[in-house]
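**Q** I would like to see how this sequence folds:
(one chain, ligands or ions: 1)
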Amino acid sequence: MPPLITLDMTQPLNLGELKLQILHYVCSGAYDSEVAKVLSEAQTYVEARTGEVSRPAIVLDIDETSLSNWEEIFHNDFGFFAEGDCDLNSKRACGQGDWDRSARAVAIAPTVDLFNAAKAHHVAVFFITGRRDVWGERDATEFNLHKVGYDGWDGLYLRPQESNEHSVAPYKTWARSDIEAHGYTIIANVGDQWSDLANGHAERRFKLPNALNRALAAGGWDHPQRATLAAPVAGTGHSLNQIDRALLAGIVEHGLERAFDAIAADVQRRGLTFNKDGKKIEGADANRAELRERFERFVERSMPLLRRLGILEAA
Ligand SMILES: [Mg+2]
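**A** Modelled structure (predicted):
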């Protein structure tokens, strides 16, 4: 296993060290267990909600959500090559299109579990992928999904050739509204990129961790990546604990003005409580007050540094 290297955030990141850190993250099993945790939350929600909604549906992204392309990503040393053939026995780059058409991606097992649980509860399942609707892609994608255990989905959207926006978000938003137009209620939307989840049209969004690659979006870094990268701020004597990371992710996602209410609502929905002086804080109001205190302390203490490091945009 490659060594875990603490990143010095006082200088621009060294790309080679960052790759080693991501290798460690994957090889140690941390990536798989973080993915599994989010999918188990999604499954719990879907199973609880199914009886309460007429024509419930879930939406799954494909790459790094339903299928893992780790073999290709590792072969390409985290690079992206749109064209060219893919021979993993060679030392040449593996072209994305050829890799997709070879249908060799493996299952993300907890997503297969979620898929099967949804089907068992009569919840419709739709795949919405950024893979292009070009020759060979649909057949290969369907073949690959079947091969690894997905069976009986209700629809598969591929990105039309004429969809040319910078981000896949507008196309994916359209696809979800199309599903709703067919009478479904989307109770859960699961993806590894924020562009999978942007713009609503789902009761709940489940964001899988993904340090492996990022679809370009207008907002710069992927939000959780910002929070993750902000964690080992070595050399500055500053690091973020888990609560601070959640606060940072909330601020990045909702903006400073609306962050507290959004985080407080999330904390309450999850039934989370705080500890103080080794004791559990009882009662919603007392926990909200504690959250308020921690939030304000975080903003005062950490925001100037996070802005200076470029992790948050300057106000
Ligand atoms: Mg994806």
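
**Q** quick one: mean pLDDT for stretch 90-101?
**A** The average pLDDT within stretch 90-101 is 91.

**Q** that stretch vs the ion: in contact?
**A** No - on the criterion Cβ under 5 Å from the ion, stretch 90-101 is out of touch with the ion, staying 12.4 Å away. In short, each C-beta sits where N, CA and C put it, glycine included.

**Q** any chance you could list what contacts that stretch?
**A** 69, 72, 75-76, 79-88, 105, 131, 136-137, 140-141, 144 (Cβ atoms under 8 Å, 6 or more residues apart in numbering).

**Q** looking at those residues, which are in helices?
**A** Counting by DSSP state H, the contacts of stretch 90-101 place Glu72, His75, Glu137, Ala140, Thr141, Asn144 in helices.

**Q** what's the mean pLDDT across stretch 169-183?
**A** 93.

**Q** contacts for that stretch next, please.
**A** So stretch 169-183 is contacted by 55, 57, 59, 126, 128, 130, 155, 157, 159-160, 163, 165, 186, 189, 194-196, 198-202, 217 (Cβ under 8 Å, 6+ apart).

**Q** please identify the buried residues of that stretch?
**A** Judged by neighbour count using 16 or more other Cβ atoms under 10 Å, the buried positions of stretch 169-183 are Ala169, Tyr171, Lys172, Thr173, Ala175, Arg176, Ile179.

**Q** give me the buried subset of the contacts of stretch 90-101.
**A** Using 16+ other Cβ under 10 Å, the buried members of those are Asn69, Glu72, His75, Asn76, Phe81, Cys86, Ala105, Arg131, Glu137, Ala140, Thr141, Asn144.

**Q** using a markdown table, lay out those together with pLDDT.
**A** Formatted as a markdown table, the buried ones among the contacts of stretch 90-101 follow (pLDDT from 0 to 100):
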| residue | pLDDT |
| --- | --- |
| Asn69 | 93 |
| Glu72 | 91 |
| His75 | 90 |
| Asn76 | 90 |
| Phe81 | 89 |
| Cys86 | 93 |
| Ala105 | 93 |
| Arg131 | 92 |
| Glu137 | 89 |
| Ala140 | 94 |
| Thr141 | 95 |
| Asn144 | 96 |
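
**Q** can you redo the residues you listed as a markdown table with distance to the ion?
**A** As requested, those are exported to a markdown table (distance: Cβ to the ion, whole Å):
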| residue | distance to the ion |
| --- | --- |
| Asn69 | 9 |
| Glu72 | 13 |
| His75 | 18 |
| Asn76 | 16 |
| Phe81 | 17 |
| Cys86 | 19 |
| Ala105 | 11 |
| Arg131 | 10 |
| Glu137 | 15 |
| Ala140 | 16 |
| Thr141 | 13 |
| Asn144 | 14 |
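
**Q** where does pLDDT dip in the stretch 101-250 of the chain?
**A** Per-residue confidence for the stretch 101-250 of the chain (pLDDT under 70) gives these ranges: 212-242.

**Q** quick check: closest non-adjacent residue to Ala103.
**A** Computed as Cβ to Cβ, 6 or more residues apart in numbering, the closest residue to Ala103 that is not its neighbour in sequence is Asn144, at 3.7 Å.

**Q** so the one you found touches Ala107, yeah?
**A** No - using Cβ atoms under 8 Å as the test, Asn144 is too far from Ala107 to be in contact (9.4 Å).

**Q** who touches both of those two?
**A** With Cβ under 8 Å, 6+ apart, Asn144 and Ala107 have common neighbours Leu67.

**Q** got the residues of the stretch 1-150 of the chain near the ion?
**A** Near the ion, when you scan the stretch 1-150 of the chain using Cβ under 5 Å from the ion, you find Asp61, Asp63, Glu64, Thr65.
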